[in-house]
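1. Pasting the sequence and the predicted coordinates here, then a few questions.
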Amino acid sequence: MDFKQINELKAGIRIDSFYVIKSASSRMSSNNKKFLDLNVGDKTGEISAKLWDASSEDEELYKENKLVKVRASVVEWQNNLQLKIDKIRLAIDEDGVDVKDFVPSAPYEAEDMYITMLDYIGKIKNKDIKDIVNYIIDKAGDKIMNFPAAKKNHHSIRSGLLYHVTTMLKAGDALSKVYTFINTDLLYAGVILHDMAKLEEMDASELGIVSEYTIEGQLLGHIVMGTEKIKEAADKVGADKEISMMLQHMILSHHYEPEYGSPKKPMFPEAEMLHYLDDMDATMFDMKKAVDSTNPGEVSDPVWSLEKRRIYNSKFYKESRSEQDNI
């Protein structure tokens, strides 16, 4: 048996490999037997797979966003490759597989990004602000480690929320050395907390894949939910009312426009900077994603999140950009 990625599969071979279930449905065959119709994949592609004579237990176990090990034959059906599964099981820690081989992931380890975030919390001097941030981060627990920042748009990758937050913290840190009047306690807190309610807004697996928005997320959204988190935290730690109000305002205003969910526009410098840091980081992520999927010297397909702009991948700076990625 050979471990094979999707792009290595050929008709007639047998494989013993790990894949993520992208979709799963239970169906009945022509002889009235239940089978699972799966779509499985890794970072190289996807393929249809069939588990014949499936049991009710199989139907319960093998669902969307599960990482599984399969033993299967690669067959050709109607001019397309397909897996005929002989054995299947859920992946376990002892398998030692790297999740990043199967789902898009942040370029840094979650543990390292989490430590970076804690370092910035340590820089907050105001006790009330630090207590509010620590209360919310403590309540988030391990869930934050693999959580994406979105379902489809920017940072919709495993550990995307931490990646988004730590990138913004570094950018905000640099800008505060230019705009020296900025209160970094407020800025760092706003950056860390601005999307923290996404943990409750979306349902995501430990693979960092969002299956759906929660009812609370659909009815309220992470902006309203985020202000409620801050108020709860401020009440619990006995924080100053003005500090609580300013942090809530930063969450309320960080999308800037009512049509994007913000009922207020920023009314003090730290709130304004939070908005632009958030917008810039989202834009840079989507631009890099477009560039990375485009051949040098060509333009990308229209990018919906960038107002359907096409992004150019220059031959000129390809080498220097690669060097930067490795720093």
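-> Done, it's in.
2. can we go C-alpha only for contacts and neighbour counts from here?
-> OK.
3. so where do the helices sit in the stretch 1-150 of the chain?
-> Ranges of helices in the stretch 1-150 of the chain, per DSSP state H, counting those that start in this stretch, are 56-61, 110-123, 127-140.
4. Helix or strand next in line after the last one, which one?
-> Towards the C-terminus, the helix or strand next in line after helix 127-140, according to DSSP states H and E, is helix 160-176.
5. what angle do whichever helix or strand comes after that next one and helix 160-176 make?
-> The helix or strand immediately downstream of helix 160-176 is helix 184-193, counting by DSSP H and E. Using axes from the mean of the first three to the mean of the last three Cα atoms, to 10 degrees, the direction of helix 184-193 lies 160 degrees away from that of helix 160-176.
6. helices or strands up against helix 184-193?
-> Other helices and strands packing on helix 184-193, by 3 or more Cα pairs under 8 Å, 6 or more residues apart in numbering; DSSP states H and E, are helix 110-123, helix 127-140, helix 160-176, helix 241-253, helix 269-292.
7. repeat that with 7 Å
-> Here helix 184-193 touches helix 160-176, helix 269-292, going by 3 or more Cα pairs under 7 Å, 6 or more residues apart in numbering; DSSP states H and E.
8. Highest mean neighbour count out of these?
-> Highest mean neighbour count of these: helix 160-176, a mean of 21 (counted as mean count of other Cα atoms under 10 Å).
9. any weak-confidence spans in the stretch 201-327 of the chain?
-> 317-327 (pLDDT under 70).
10. tell me the mean pLDDT for stretch 68-81?
-> Stretch 68-81 comes out with an average pLDDT of 91.
11. Report the buried residues of it.
-> V68, K69, V70, R71, A72, S73, V74, V75, L81 (16 or more other Cα atoms under 10 Å).
12. What is the nearest of the residues you listed to K10?
-> Distance to K10 across these (Cα to Cα) is lowest for V74, with 6.5 Å.
13. Mind listing the residues bridging to that closest one?
-> Beta-bridge partners recorded for V74 (DSSP bridges): L83.
14. That one against I13, yeah?
-> Yes - using Cα atoms under 7 Å, V74 is in contact with I13, at 5.6 Å.
15. quick one: contacts of stretch 236-255?
-> Outside stretch 236-255, the residues that touch it by Cα atoms under 7 Å, 6 or more residues apart in numbering are 128, 131-132, 190, 194, 223, 226-227, 230-231, 234, 261-266, 271, 274-275.
16. Render the CA-only coordinates of that stretch in CSV, please.
-> Taking C-alpha atoms only, stretch 236-255 is exported to CSV below (Å, rounded to 0.1, in the frame of the first residue of the first chain):
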residue,chain,number,x,y,z
LYS,A,236,-17.1,40.6,36.0
VAL,A,237,-13.7,42.3,36.6
GLY,A,238,-15.2,45.6,37.9
ALA,A,239,-13.6,47.7,35.1
ASP,A,240,-14.1,51.4,34.6
LYS,A,241,-17.3,52.2,32.7
GLU,A,242,-15.6,54.5,30.2
ILE,A,243,-13.0,51.8,29.4
SER,A,244,-15.7,49.3,28.8
MET,A,245,-17.6,51.8,26.6
MET,A,246,-14.5,52.6,24.5
LEU,A,247,-13.7,49.0,23.9
GLN,A,248,-17.3,48.3,22.9
HIS,A,249,-17.2,51.3,20.5
MET,A,250,-14.1,49.8,18.8
ILE,A,251,-16.0,46.6,18.2
LEU,A,252,-19.1,48.4,17.0
SER,A,253,-17.2,50.6,14.6
HIS,A,254,-14.5,48.4,13.1
HIS,A,255,-16.5,47.5,10.0
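17. Run the chain-centre distance for that stretch.
-> Distance, stretch centre to chain centre, for stretch 236-255: 25 Å (Cα atoms, centre = their mean, to the nearest Å).
18. Ok, stretch 269-284 next?
-> On Cα atoms, centre = their mean, the centre of stretch 269-284 falls 18 Å from the chain's centre.
19. Can you list the neighbours in contact with it?
-> 154, 168, 172, 182-183, 186-187, 190-191, 250, 254-256, 266.
20. Quick one: which of those residues is the most crowded by neighbours?
-> M250 (34 neighbours; other Cα atoms under 10 Å).
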